[in-house]
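1. quick one, what's the 3D model for this:
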Amino acid sequence: MATRRPQRRRPAPRRPAPRRNVRRTTSRRRTSRRQRQRDTQTVRLGMGVLAAAVAWAMISWLVNNWWALVVLGAVAAVGGAWWVHRRQQRQVWERVQQQALRYGLPQLDALHHREFEYSVRDLMRRDGCTDARQIGGAGDNGADVLATDPLGRSWVIQCKHRKDGDRGSAVGTPDLQRVNGTARQLYGADIVLVVTNGRFSTRCAPLAAQLHMHLVDRRTLAAWAGGGRPLWELLPKIPPPRKGQ
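-> Model (predicted):
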């Protein structure tokens, strides 16, 4: 007898997953968004009504108590006058301090290089450059201090501090070339200056004369920082004042 082969069962067909009702989900999202918008508008409206009520209550109170306005005005006037007086006193004191500002070389040698830049800025302010500011740092393009003197001339100053003073490394010509390449083009300088508490290499003076720059070495710095004369009275061949000054 021939044996019958067992019949293989066919796998039951998979039923497709039920599809979500996209329209219903989208409708619910729109409804939720509209509800949030309504809630936000309601809150804003309530805050506006509350603010208006408070303002109205304050106005009503001030109308019935007009003397409070007089008191507030008097207090404001006294406070304003006191603030103006204090500011004027502070400005006078700052001018006195600036005019009396003096630095000795040992004091300058002990400074951090950034503090040295601020001391040069303060000396320029002492001499009447009210807009003198320190800008040294990353991306300074070779300028550490910018200032405009009372005669209208624009100064661009590079500061080179040496911890060991004139025993430290000499300032070289690359430092001069760096500030000269940007001072006039970027900052419109009338006077380009390099100041150090140390010394310059022997090649700096001829290059500075060729580039129409000015150098302040340790000796000139001592006369400037320790005395009362402005820097432009200590340097030779300073450009004349700008027209109209």
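2. residue 225 against residue 123, yeah?
-> Yes - with contacts counted by CB atoms under 8 Å, residue 225 reaches residue 123, the gap being 6.0 Å. Glycine gets a C-beta too; all of them are placed from N, C-alpha and C.
3. find residues that contact each of these two.
-> residue 103 (CB atoms under 8 Å, 6 or more residues apart in numbering).
4. what residues of stretch 169-186 count as buried?
-> 170-171, 173, 175-176, 179-180, 182-184 (16 or more other CB atoms under 10 Å).
5. could you dump those into JSON lines with pLDDT added?
-> Output for the buried residues of stretch 169-186, formatted as JSON lines (pLDDT from 0 to 100):
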{"residue": "170", "pLDDT": "96"}
{"residue": "171", "pLDDT": "96"}
{"residue": "173", "pLDDT": "95"}
{"residue": "175", "pLDDT": "91"}
{"residue": "176", "pLDDT": "93"}
{"residue": "179", "pLDDT": "90"}
{"residue": "180", "pLDDT": "89"}
{"residue": "182", "pLDDT": "86"}
{"residue": "183", "pLDDT": "86"}
{"residue": "184", "pLDDT": "87"}
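6. need these in a markdown table with distance to residue 117 and secondary structure, can you?
-> Converted to a markdown table, the buried residues of stretch 169-186 look like this (distance: CB to CB, whole Å; DSSP: H, G, I helix; E, B strand; the rest coil):
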| residue | distance to residue 117 | secondary structure |
| --- | --- | --- |
| 170 | 19 | coil |
| 171 | 15 | strand |
| 173 | 21 | helix |
| 175 | 14 | helix |
| 176 | 17 | helix |
| 179 | 13 | helix |
| 180 | 19 | helix |
| 182 | 17 | helix |
| 183 | 16 | helix |
| 184 | 20 | helix |
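7. let me see the domain layout of this structure.
-> Domain assignment for the chain, taken from automatic domain parsing, gives 47-100, 105-233.
8. for residue 35, which of those domains is the nearest?
-> Distance to residue 35, taken as CB to CB, is lowest for domain 47-100 among those, at 18.9 Å.
9. where along the protein do the helices fall?
-> With DSSP state H as the criterion, the chain has helices at 22-64, 66-99, 105-109, 113-126, 173-187, 204-211, 218-226.
10. least confident of those, on average?
-> Of all those, mean pLDDT reaches its minimum on helix 66-99 (a mean of 69).
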